[in-house]
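K.L.:
Generate coordinates for the sequence data below:
(one chain, ligands or ions: 1)
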Amino acid sequence: MTTEDVEAVLAIEKIVQAYPWTRGNFSDALSSGYRCAVDEVQGEIVSYAVLMPVLDEAELLTIGVAATRQRRGLGRTMLAALMQWAIANKMRRVFLEVRVSNLSAIALYRSVGFVEIGMRRGYYRNAQGREDALLMACELTGEDRG
Ligand SMILES: CC(C)(COP(=O)(O)OP(=O)(O)OC[C@H]1O[C@@H](n2cnc3c(N)ncnc32)[C@H](O)[C@@H]1OP(=O)(O)O)[C@@H](O)C(=O)NCCC(=O)NCCS
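P.N.:
The predicted structure is shown next:
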């Protein structure tokens, strides 16, 4: 992802996320050196994600796929690419928080090897007030790191 990509990423983000990141959030992620990735189909941005490295761990901060392109493997492809990047950069673990109501994201994370390691009560805002976050992690074993 480059600064020039942020507009297209925001256009997707505003549609697919209940509480979308702002332009400033993406700019900050880029300037902080986080791993910010986009995927394109025929020159059009269709998915994006941001991974924050912290020592030998990385946290997945956001991931999104354009509404009209979902359920075609793009989310899994993006996540797999970020995890390969984490392995190549000697990370030992990727973790994330996800809304307990976000069943499609939870299913995606499970499908690539994330397991639930905890719960943060009332972590997110939602229409009803607060919502719990599921804390998930994927250990990148020595085998994975080749
Ligand atoms: C979550 C999200 C990134 C998944 O991307 P996607 O490209 O639609 O997902 P994929 O096609 O790669 O699906 C991979 C697996 O995830 C699971 N999955 C994805 N969408 C699902 C859905 N709607 N219902 C149930 N399982 C789902 C399935 O296990 C799927 O594997 P399968 O198709 O072989 O059964 C996408 O739905 C999205 O952008 N959601 C809105 C943003 C969001 O919630 N991001 C996560 C929190 S930041």
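K.L.:
This structure against the ligand: which residues are in contact?
P.N.:
Contacts of the chain with the ligand, taken as C-beta under 6 Å from any ligand atom, map to 16-17, 62-65, 70-76, 98, 102, 104-105, 107-108, 111. Heads up, the C-betas are built off the backbone N, CA and C, glycines and all.
K.L.:
Buried among the residues you listed? Need that as a selection in ChimeraX.
P.N.:
To isolate the buried members of the residues of the chain next to the ligand in ChimeraX, using 16 or more other C-beta atoms under 10 Å:
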select :62,63,64,65,74,75,98,102,105,108
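K.L.:
among the residues of the chain next to the ligand, which are in helices?
P.N.:
Those of the residues of the chain next to the ligand mapping onto helices are 16, 74, 75, 76, 104, 105, 107, 108, 111, per DSSP state H.
K.L.:
quick one, what contacts the fifth one?
P.N.:
Okay, so that is residue 104. Residues in contact with residue 104 (C-beta atoms under 8 Å, 6 or more residues apart in numbering) are residue 70.
K.L.:
all helices of this protein, in order?
P.N.:
6-16, 23-31, 74-88, 103-111.
K.L.:
Turn the ones you listed into a markdown table, including mean pLDDT.
P.N.:
A markdown table is the format used below for the helices of the chain (pLDDT from 0 to 100):
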| stretch | mean pLDDT |
| --- | --- |
| helix 6-16 | 98 |
| helix 23-31 | 98 |
| helix 74-88 | 96 |
| helix 103-111 | 97 |
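K.L.:
For the nearest residue in space to residue 91 that is not next to it in sequence, name its beta-bridge partners.
P.N.:
Of all residues not flanking residue 91 in the chain, residue 58 sits nearest, at 5.0 Å (C-beta to C-beta, 6 or more residues apart in numbering). Beta-bridge pairing for residue 58 (DSSP bridges): residue 53, residue 94.
K.L.:
Quick check: the residue of the chain most remote from its centre vs the ligand, distance?
P.N.:
Relative to the centre of the chain, the most outlying C-alpha is that of residue 128, 24.2 Å out, by C-alpha atoms, centre = their mean. Using C-beta to the nearest ligand atom, to the nearest Å, residue 128 is found at 18 Å from the ligand.
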